[in-house]
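Asker: Build me a model from this:
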Amino acid sequence: MKRLFYILYAAFFNICRIFPLKENRITFLSPHRENFTDSLGMVLREAEKRGRFDIVKVSSADLDLKGGIKGIFRAIEFFTVKAYLLATSKYVFLNDNFMPMGNLKFSKDAVITQLWHAEGVFKKFGLHIPQPEDVRKRELAGASKLTFVVCSSESVKPIYAEAFGVDESKVLPLGAPRADRFFIDRKEEEIKERFWHKYPECKGKKLVLYAPTFRDNAEDDKVLLESIDMKKFAEKLGDEFDFLIRLHPQIHRCNASLQGAVDVTDWEDVGELTLICDCMITDYSSVCMDAALIGKPLAFYAFDLDKYASDRSFYFDYESYVPGPVAKSFDELLQIIENLDSLNGNEKLEAFRKFNFGSPDGNATKRVVDTIIK
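Answerer: From the prediction side, this is the model:
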């Protein structure tokens with residue numbers, strides 16, 4: 001079925017190529033995130049601020065059929081009107097692989113830029129992870145259409161070139177636009193007020209944010225959720241801390257009891273939660289990049305490290321690379337949280353930050369727009 005959709009989309013797009021490019025039209029294509037809170041969203045808002053562009057937004061939300069008739073019309077618009085707008089865009093920015101792209105016959109004058117949805121390098125991605133043959137072919141065909149790939153530092157440039165199958169000359173280490181938000185007006189107090197309004201029980205407590213990544217199947221996700229013992233947390237740390245859980249959208253929920261935790265999965269922007277939490281706990285998720293960037297205390301709960309590493313390998317040895325202590329059991333994790341102050345001033349964290357971000361200055365978004373949009 002997906003293959004048929006790809007063919008239909010490409011067919012209409014290629015018909016629309018008879019129309020000339022609009023020099024001021026920019027399409028922001030978000031197959032990965034529909035809420036535009038990452039680098040794609042930062043570049044989008046910078047383009048809007050400059051005010052001379054015809055801006056088109058295309059996202060996975062366009063294919064959400066839950067809205068009944070409205071959802072159906074939105075999907076039809078995705079395959080027709082938005083395909084036409086994409087075909088006539090001088091500039092295209094995206095934050096993930098767009099599977100029909102390999103079959104799209106873009107104009108030779110179109111400028112297509114991959115911003116990606118993560119920063120730095122952690123677990124392997126792109127062409128560095130195994131895929132079924134048909135998916136790999138689509139990835140390679142899509143990568144061949146890229147004009148530029150933006151990355152967060154000079155150090156990670158060679159890895160991005162290989163992961164996207166492009167020459168290093170196409171990889172621009174301009175910095176991660178989504179990181180700029182941590183250098184401009186961060187509005188932490190405003191975010192806290194909104195958070196406390198939604199979760200009044202958290203006011204006055206220290207906040208531990210647990211943001212794990214997804215596993216490959218529902219059974220592994222069940223083990224993930226069952227590895228959290230909220231009764232132990234409440235007994236040992238509940239007077240001082242609240243345990244916030246933000247699950248990845250792809251995590252399969254199960255009947256594991258998370259009673260006692262504060263479920264913040266529906267909080268749209270994980271970057272806001274990173275700003276206001278007192279400590280972030282993750283496992284193999286790139287959300288650790290934001291915390292490392294702003295020097296937030298970080299710990300890693302890797303109870304299934306051996307299995308995860310065999311399923312999805314890393315660029316570097318996990319335990320020596322991550323910028324914080326690694327817990328293999330929930331009891332170890334509780335000890336780390338109990339000694340939160342010891343996570344400050346971490347030399348390992350500073351080295352991790354330097355490697356993945358270079359010297360961030362809050363101007364990456366402007367550099368991307370100034371460099372790519374002429």
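
Asker: how about the residue nearest the centre of the chain, secondary structure?
Answerer: Geometric centre of the chain, nearest residue: His117, 3.9 Å, by CA atoms, centre = their mean. On the three-state scheme (DSSP: H, G, I helix; E, B strand; the rest coil), His117 is labelled coil.

Asker: Report the contact partners of it.
Answerer: Applying CB atoms under 8 Å, 6 or more residues apart in numbering, one finds that His117 lies in contact with His32, Arg33, Asp38, Ser39, Leu40, Asn95, Asp96. (C-beta placed from N, C-alpha, C; glycine too.)

Asker: Distance of it relative to Leu224?
Answerer: For His117, the distance to Leu224 (CB to CB, to the nearest Å) stands at 21 Å.

Asker: try Phe182
Answerer: Spatial separation of Phe182 from Leu224 under the definition CB to CB is 28 Å.

Asker: wait, Phe36 sits on Glu48?
Answerer: No: counting by CB atoms under 8 Å, Phe36 does not reach Glu48; the two are 10.9 Å apart.

Asker: higher neighbour count, those two?
Answerer: Phe36 (18 against 11; other CB atoms under 10 Å).

Asker: Give me the phi and psi angles of the more buried one.
Answerer: phi 50, psi 50 (degrees, to the nearest 10).

Asker: next one: Ile184
Answerer: Here Ile184 shows phi and psi, under degrees, to the nearest 10, equal to phi -90, psi -170.

Asker: Assign a three-state SS to the nearest residue to it once chain neighbours are set aside, would you?
Answerer: In this structure, Ile184 finds its nearest non-sequential neighbour in Gly362, 5.8 Å apart by CB to CB, 6 or more residues apart in numbering. Applying three-state DSSP to Gly362 yields a three-state assignment of coil.

Asker: and what of Gly120?
Answerer: Assignment for Gly120 (three-state DSSP): coil.

Asker: Let me know how buried the residue lying closest to it once chain neighbours are set aside is, in neighbour terms.
Answerer: Nearest non-adjacent residue to Gly120, counting by CB to CB, 6+ apart: Asn356, 2.9 Å away. Neighbour count for Asn356, taken as other CB under 10 Å: 25.

Asker: Check the contact between Asn356 and Ser155; I expect there is one.
Answerer: Yes: the pair Asn356 / Ser155 is scored as a contact, 7.2 Å apart, by CB under 8 Å.

Asker: Let me know how buried Pro297 is, in neighbour terms.
Answerer: 22.

Asker: Let me see the contact set for it.
Answerer: Pro297 makes contact with Asp278, Cys279, Met280, Ala291, Gly324, Leu340, Leu343, Asn344, according to CB under 8 Å, 6+ apart.

Asker: Just the ones in strands from these, please.
Answerer: Cys279, Met280 (DSSP state E).

Asker: nearest to Lys105, of the contacts of Pro297?
Answerer: Lowest distance from Lys105 to these (CB to CB) belongs to Ala291, with 41.9 Å.

Asker: wouldn't that closest one be in contact with Thr274 here?
Answerer: Yes: between Ala291 and Thr274 a contact is recorded at 5.5 Å, counting by CB under 8 Å.

Asker: where do the contact lists of those two overlap?
Answerer: Residues within reach of Ala291 and of Thr274 at once, by CB under 8 Å, 6+ apart, are Met280.

Asker: neighbour count winner among these two?
Answerer: Ala291 (26 against 21).

Asker: Not counting residues beside it along the chain, what's closest to the more buried one?
Answerer: Here the residue nearest Ala291, using CB to CB, 6+ apart, is Met280, at 4.3 Å.

Asker: Please tell me how far that neighbour sits from Phe79.
Answerer: 40 Å.
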